[in-house]
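**Q** let me see the structure of the following:
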Amino acid sequence: MKITKRIKTWESLDAKKTYTLAEAVGLLRGFASSRFDESLEIAVKLGIDVTKADQNIRGMLSLPHGTGKKVRVAVITVDKADEAKKAGADVIGADELIEKIAGGFMDFDRVIATPDMMPKMSKVARVLGPKGLMPNPKLGTVTNNIADAVATAKAGQIEYRAEKKGIIHAGVGKMSFKNEQLVENAMALIDQLKKIKPSSSKGQYIMGISVSTTQGPGLRINI
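**A** Below is the predicted model of the structure:
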């Protein structure tokens with residue numbers, strides 16, 4: 001019965017209307033489930049060609065108010081194990097951890113590795129790569145500064161990556177956040193995408209933006 005009522009409420013929305021980001025967040029709060037803390041999801045359609053190397057947008061961003069998620073961090077290192085432990089890493093290891101991952105262990109959300117371990121990481125590239133977990137120096141996940149990398153991951157850093165059709169999907173906070181916090185988090189991602197617009201991308205760059213809750217309706221944003 002609850003589901004039926006909710007569907008009717010969704011259908012009462014004007015799917016053709018565009019909203020300001022603040023309006024959309026306020027409306028979506030009324031559709032958020034009371035059973036769990038849903039995320040605010042944003043989708044940004046970019047006018048890019050991801051088959052071109054310089055337009056294959058990908059990066060990391062620390063949100064002003066974090067993500068609201070508990071991030072489990074795995075650190076693959078030999079010499080920086082103590083540093084990783086003090087920084088709050090959840091899983092720490094070297095060759096034995098690589099073997100464990102190759103065997104199916106995936107109890108983590110982010111993988112950080114020191115540069116000296118990267119040649120050995122090829123063994124788990126096919127496991128971590130498709131899940132977006134393979135350490136990458138461009139994302140700051142291959143580093144000798146383990147303490148900062150772990151702290152940043154724990155504080156609420158998101159990864160954004162353009163999919164085949166040039167769409168960026170990301171969670172920018174929990175619906176338990178204040179409206180202003182969700183708006184600021186979403187704007188941080190939008191502003192970041194504007195800053196890194198590829199010079200070879202011609203015409204309209206940001207072609208559309210929509211936001212939704214994890215299980216709620218999507219609302220188009222006036223860009």
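**Q** what ranges do the strands span in this structure?
**A** Secondary structure of the chain (DSSP state E): strands at 18-19, 39-46, 58-62, 73-76, 91-93, 110-113, 157-161, 167-174, 206-213, 218-221.
**Q** just send those back as a markdown table, with mean pLDDT and mean neighbour count too.
**A** No exception for glycine: its C-beta is placed from N, CA and C like everyone else's. Formatted as a markdown table, these follow (pLDDT from 0 to 100; neighbours: other CB atoms under 10 Å):
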| stretch | mean pLDDT | mean neighbour count |
| --- | --- | --- |
| strand 18-19 | 92 | 17 |
| strand 39-46 | 96 | 22 |
| strand 58-62 | 91 | 16 |
| strand 73-76 | 98 | 27 |
| strand 91-93 | 97 | 19 |
| strand 110-113 | 96 | 26 |
| strand 157-161 | 90 | 18 |
| strand 167-174 | 95 | 21 |
| strand 206-213 | 94 | 19 |
| strand 218-221 | 92 | 20 |
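**Q** can you tell which of those is closest to residue 132?
**A** Residue 132 lies closest, by CB to CB, to one member of the strands of the chain: strand 157-161, at 6.2 Å.
**Q** so residue 92 sits against residue 72, correct?
**A** No: contact criterion CB atoms under 8 Å: residue 92 and residue 72 do not qualify, at 11.8 Å.
**Q** between those two, which contacts overlap?
**A** Residues touching both residue 92 and residue 72 by CB atoms under 8 Å, 6 or more residues apart in numbering: none at all.
**Q** looking at the protein, which helix or strand is least sure?
**A** helix 2-11 (a mean of 46; mean pLDDT, DSSP states H and E).
**Q** just put the strands of the chain in a markdown table and tack on distance to residue 134.
**A** Output for the strands of the chain, formatted as a markdown table (distance: least, CB to CB, whole Å):
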| stretch | distance to residue 134 |
| --- | --- |
| strand 18-19 | 37 |
| strand 39-46 | 23 |
| strand 58-62 | 12 |
| strand 73-76 | 11 |
| strand 91-93 | 16 |
| strand 110-113 | 7 |
| strand 157-161 | 11 |
| strand 167-174 | 18 |
| strand 206-213 | 28 |
| strand 218-221 | 30 |
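**Q** distance between whichever helix in the chain runs longest and the chain's centre?
**A** Ranked by residue count and defined by DSSP state H, the top helix of the chain is helix 179-195. Relative to the centre of its chain, helix 179-195 is centred 13 Å away, using CA atoms, centre = their mean, to the nearest Å.
**Q** please apply the same query to stretch 158-178.
**A** 5 Å.
**Q** stretch 38-47 too?
**A** Centre to centre, stretch against its chain (CA atoms, centre = their mean), the figure for stretch 38-47 is 10 Å.
**Q** do the same with stretch 66-78
**A** On CA atoms, centre = their mean, the centre of stretch 66-78 falls 13 Å from that of its chain.
**Q** what sits up against that stretch?
**A** In contact with stretch 66-78 (CB under 8 Å, 6+ apart) are residues 37, 39, 81, 84, 88-94, 97-98, 107-114, 116-117, 121, 135, 146, 150, 153-158, 171-174, 176-177.
**Q** flag the shaky bits of the protein, pLDDT-wise.
**A** 1-13, 15, 34 (pLDDT under 70).
**Q** rerun at 80
**A** Low-confidence segments of the chain, defined by pLDDT under 80: 1-16, 31-34, 223.
**Q** any idea how far residue 190 lies from residue 208?
**A** Taking CB to CB, to the nearest Å as the measure, residue 190 falls 12 Å from residue 208.
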